[in-house]
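Visitor: Mind folding the following:
(2 chains)
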Amino acid sequence: MKLKKRIPVIDQGNKLGFWGGKFGGNFVPETLKKPIEDLEVLFNKLKKDKKFIRERDKYFKNWIGVPTRFIKLENLTKHVGGAQIWSKVVSDANGGAHKIYNATVHCLLAKRTGKKTICGDTGAGYAGKMLSMAAKKFGLKCKIFMGAKDIARQQPNVKAMKKNGAEVIPVYSGSQTLVDAVSECMRFWVANCDTTAMCVGSTVGPAVFVRICGWSTSQISRELKFQLIDEFGSIPKKLKLYNCVGGGSSSFGFWNEFMDYDKKQCEFIGVEAGGPAKSKKHAAPLTYGSKIGILHGAAQYVNQNSDGQIEETESISAGLDYPGISPLHCFLKDTKRARYTAASDEQALEAYKLVTRFEKLRPSLEPSHAFAVAISESKKLSKDTIVVVNSCGDAYKDRGILEKRLGKKYVKSN
Amino acid sequence: MLNPISVAFKKAKQENRPALLTYTVAGDSSKKQSLNILKSISKNADILELGVPHNTPVADGSQIQTSAYRAIKNGIKVNDIFKIVKDFKKFDKDKPVILMGYYNMIFQYGENKFLNKCKLSGVNGLIVVDLPWPENKNFAKKCKKKSIYFIQLLSPTTTKIRLKKIIRDSHPMNYFISMLSTTGGKLKVSPNDILKNYAKIKKIDPKKEIVIGFGITEKTIGKLKSADGLVVGSAICKEISKSLKHRQNPVTNVSKLVKKLKSKIL
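Guide: So this is what the prediction gives:
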């Protein structure tokens, strides 16, 4: 299995949509074959269309508010005493997280198809919130599927979705989290694909959804590349990019433009959700060597039992609480381009405490996982190493959990 | 030797009626009950579809999901399903049995090993919901070598060109999904429109048996009886759930329902 240079990773799949010959694909009911093929044709055409790119860039700039900041975390760096720790503050984006890029692109695509409704899944509620914002912006009706457990633990985002006019449909099946929300959303699409567009909230699902999402979030690394050159004159000799990985959309977008650099110069570190320290359950299929299987239309490493039933996950972070992982990350793991590890719930909370103590930055529980590993590894790294952590979400949505776990003083200034 | 599935269609045709296909989930509500249900409905059903329960079923509506989750909760494993089929075949060796499920279950078991077990236990056909054409080409070939029908799904969204290609590669039986829906949805298309679509598909190769499924209940089955075969699934799963809720015997209730379904297509 080999990663090719000078070809975007999203376009390195084979004819049937498999990366490395075995990750991804289109394991979908026959009914979805045609709508997926239509979407593929449209996306392949538009991603080469200068007018469409200009339109995308216009909305990214004027509505999402790109570029997001690239800042040095001076105090944290001093405290840790190793590598320079920087952050790409993607949570600056309109709505407070990277999910806005994919949501905007899907709505732009839906407008072209003439479909009047768009449906989507959500875990932490960011994908849903952003889709509801974009749908409102572009005049589409919006239906969001969300696990009942996630609805209870991510109320601020649920309120935002409703305020934007979206219908939030609670999913009570299975573990009542993201995995069930994605299943229910796909079911809804099976029954309504003639009138409704679907937005998969991450770089998961049938191949075309993986590609669209990766293409959209790559905005993050396009900006970062310029910002690095601006700051250092060139891409630093020792660069390490840390990102949390649930489905894998923010990390893929954070890394994409650096794919062709040697990993000795530019290393990618993906941090999965290890779950509670005392629990055997986790949401870290790459770290803990889960077997390849099929989930939501794509072959990927996925937590499952020997029979092939998908296993329940556990994580404090709703956005990472997913048993599978993007085929793109399976590909990056097996080609050894990226390295994957996990942080536990407790480590993420500690990192959140540390970051907020030293910096004016409030990473949500998802990027707090990335901070946990970045901080611990930075201690041992030289001062000329540039560590960048993607702070891809804002902690506002987590206030309930943070208050419960850390006490009131950690949410006061939100 | 002719596959018992084809024999069943022949027999139904001689009686001038469509074949009746039932769908129940293996292990619902328990391994034993599930076998008893098969035994009790086999005199009225022509072909028995047995669902391999999966916990992330992307094409199933709430009735079949409920059945599947119940079966999994009660501990059903793939090997138990083969055992149910084997035990059933001891009871009625000529009645065709089709396993229907999602690809991950087969993938984890290993395609070859799965097919060997199918053969040994007496499975006659397979429907894999999320392994569409052309992705299923290799697996379908393997099925053919074992004389097991791989049943292709066709949908109202399947384009004409695609229909032709799928049917060209297909085995003697195919499955037409009546409408855009998950299983168990309300019939939102008129039976006449469904039959019109059916006729278009049938014309491509009249020798291939086409069954219609999704949304078929006691109320609608009679209006579709000109098809080669009709599948009833969610309505049966619903009957099982209802029986359990009212502390009644699901075996007797399902048996009665299937008898009624049969009477509507005679």
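Visitor: for the helix or strand hosting B:Leu230, packing partners?
Guide: Of the helices and strands defined by DSSP states H and E, B:Leu230 is found in strand B:229-232. Counting contacts by 3 or more C-beta pairs under 8 Å, 6 or more residues apart in numbering or on different chains; DSSP states H and E, strand B:229-232 is packed against strand B:19-25, strand B:209-213, helix B:250-265. Glycine gets a C-beta too; all of them are placed from N, C-alpha and C.
Visitor: Now do the same contact list for the most centrally placed residue in chain A.
Guide: Chain A has A:Ser249 as the residue nearest its centroid, 3.1 Å off, counting by C-alpha atoms, centre = their mean. Residues near A:Ser249 by C-beta atoms under 8 Å, 6 or more residues apart in numbering or on different chains: A:His98, A:Lys99, A:Asn102, A:Gly201, A:Ser202, A:Thr203, A:Cys213, A:Gly214, A:Thr217, A:Ser326.
Visitor: Roughly how far does it sit from A:Gly214?
Guide: Applying C-beta to C-beta, to the nearest Å, one obtains 7 Å for the distance of A:Ser249 from A:Gly214.
Visitor: what's the overlap in contacts for those two?
Guide: Common neighbours of A:Ser249 and A:Gly214, using C-beta under 8 Å, 6+ apart, are A:Thr203, A:Ser326.
Visitor: rewinding a little: from the helices and strands packed on strand B:229-232, which stretch is densest packed?
Guide: Burial of these is given as mean neighbour count (mean count of other C-beta atoms under 10 Å in any protein chain shown); strand B:19-25 ranks first at a mean of 27.
Visitor: Run through who's touching the helix or strand just after that one.
Guide: Toward the C-terminal end, the helix or strand that comes next after strand B:19-25 (DSSP H and E) is helix B:31-41. Residues outside helix B:31-41 that contact it (C-beta under 8 Å, 6+ apart): B:22, B:24-28, B:48, B:50, B:71, B:74-76, B:80, B:83-84, B:87-88, B:91-92, B:240, B:250-252, B:254-255, B:258.
Visitor: Tally up the residues packed near residue 230, please.
Guide: Using chain A. Summarising burial for A:Asp230: neighbours were counted as other C-beta atoms under 10 Å in any protein chain shown, giving 9.
Visitor: You answered for a different chain; I wanted chain B.
Guide: By other C-beta under 10 Å, neighbour count at B:Leu230 equals 25.
Visitor: Please tell me I have it right and it contacts B:Ile265.
Guide: Yes - shown here, B:Leu230 and B:Ile265 form a contact pair, counting by C-beta atoms under 8 Å, at 6.8 Å.
Visitor: Could you name every residue contacting both of the two?
Guide: Overlap of the contact sets of B:Leu230 and B:Ile265 (by C-beta under 8 Å, 6+ apart) consists of B:Pro18, B:Leu20, B:Ile221.
Visitor: nearest to A:Ile292, of the residues you listed?
Guide: For A:Ile292, the closest of these turns out to be B:Leu20, at 38.8 Å, with distances computed as C-beta to C-beta.
Visitor: For the closest one, report the pLDDT, please.
Guide: At B:Leu20, the predicted lDDT confidence score is 98.
Visitor: Is it correct that it is in contact with B:Val258?
Guide: Yes - because the distance of 7.5 Å satisfies C-beta under 8 Å, B:Leu20 is recorded as touching B:Val258.
Visitor: B:Asn74: what's it in contact with?
Guide: Counting by C-beta under 8 Å, 6+ apart, B:Asn74 touches B:Gly27, B:Asp28, B:Ser29, B:Ser30, B:Lys31.
Visitor: Pick out the lowest-pLDDT one from the residues you listed.
Guide: The minimum pLDDT among the contacts of B:Asn74 falls on B:Ser29, with 92.
Visitor: ok, it - contacts?
Guide: By C-beta under 8 Å, 6+ apart, the neighbours of B:Ser29 are B:Arg70, B:Ala71, B:Asn74, B:Ile240, B:Leu244, B:Pro250.
Visitor: In chain B, what residue spans correspond to strands?
Guide: With DSSP state E applied, chain B shows strands at B:19-25, B:47-51, B:97-101, B:125-128, B:149-150, B:152-154, B:173-177, B:209-213, B:229-232, listed in chain order.
Visitor: Let me know whether the first one sits next to chain A.
Guide: Pointing back at strand B:19-25 there. No - Strand B:19-25 stays clear of chain A (C-beta under 8 Å from any C-beta of the partner chain), getting no nearer than 13.7 Å.
Visitor: Tell me which strands that strand pairs with, and in which orientation.
Guide: Using DSSP bridges, the strands paired with strand B:19-25 in its sheet are strand B:47-51 (parallel), strand B:229-232 (parallel).
Visitor: And the contacts of the shortest one?
Guide: When contacts are taken as C-beta under 8 Å, 6+ apart, the neighbours of strand B:229-232 outside the stretch itself are B:9, B:12, B:18-23, B:46-47, B:49, B:173, B:175, B:209-214, B:216-217, B:221, B:224, B:258, B:261, B:265.
Visitor: interface residues of the stretch 1-150 of chain B facing chain A?
Guide: Remark: the part of the stretch 1-150 of chain B in contact with chain A comprises B:54-61, B:65, B:69, B:72, B:77-78, B:102-109, B:129-135, using C-beta under 8 Å from any C-beta.
Visitor: Could you give me the PyMOL syntax to select whichever of those are buried?
Guide: The buried residues among the residues of the stretch 1-150 of chain B next to chain A can be selected in PyMOL (16 or more other C-beta atoms under 10 Å in any protein chain shown) with this line:
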select buried, chain B and resi 54+55+56+57+58+59+60+61+65+69+72+77+78+102+103+104+105+106+107+108+109+129+130+131+132+133+135
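Visitor: Which members of the residues of the stretch 1-150 of chain B next to chain A occur in helices, if any?
Guide: Residues of the residues of the stretch 1-150 of chain B next to chain A located in helices (DSSP state H): B:Gln65, B:Tyr69, B:Ile72, B:Val78, B:Tyr103, B:Asn104, B:Met105, B:Ile106, B:Phe107, B:Gln108, B:Tyr109.
Visitor: quick check, nearest of the residues you listed to A:Asp230?
Guide: Checking those one by one against A:Asp230 (C-beta to C-beta), the nearest turns out to be B:Asn104, at 46.6 Å.
Visitor: picking that back up, switch the strands paired with strand B:19-25 over to TSV; also include distance to A:Glu366 and mean pLDDT.
Guide: Shown next, in TSV, are the strands paired with strand B:19-25 (distance: least, C-beta to C-beta, whole Å; pLDDT from 0 to 100):
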stretch	distance to A:Glu366	mean pLDDT
strand B:47-51	36	98
strand B:229-232	44	98
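Visitor: residue contacts, the residue in chain B that chain A sits nearest to?
Guide: In chain B, the residue that lies nearest chain A is B:Gln108 (3.6 Å; C-beta to the nearest C-beta). Shown here is B:Gln108, whose contacts under the criterion C-beta under 8 Å, 6+ apart are A:Lys291, A:Gly293, A:Gln304, A:Ser306, A:Asp307, A:Gly308.
Visitor: tell me the pLDDT at A:Ser413?
Guide: 52.
Visitor: and A:Arg357, how many neighbours does it have?
Guide: When counting by other C-beta under 10 Å, one arrives at 11 neighbours for A:Arg357.
Visitor: tell me the domain boundaries of chain A?
Guide: Here the domain assignment for chain A is A:32-60+A:98-214, A:66-96+A:220-410, based on automatic domain parsing.
Visitor: Can you add mean pLDDT and distance to B:Pro4 and give those domains back as CSV?
Guide: CSV is the format used below for the domains of chain A (pLDDT from 0 to 100; distance: least, C-beta to C-beta, whole Å):
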stretch, mean pLDDT, distance to B:Pro4
domain A:32-60+A:98-214, 96, 30
domain A:66-96+A:220-410, 97, 27
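Visitor: burial measure for the residue nearest to B:Glu15 when sequence neighbours are not counted, as a count.
Guide: Spatial nearest neighbour of B:Glu15, excluding adjacent residues (C-beta to C-beta, 6 or more residues apart in numbering or on different chains): B:Leu266 at 7.8 Å. Counted with other C-beta under 10 Å, the burial measure for B:Leu266 works out to 10 neighbours.
Visitor: Surely B:Leu266 and B:Arg17 touch.
Guide: Yes - checked against C-beta under 8 Å, the pair B:Leu266 and B:Arg17 is within contact range at 5.8 Å.
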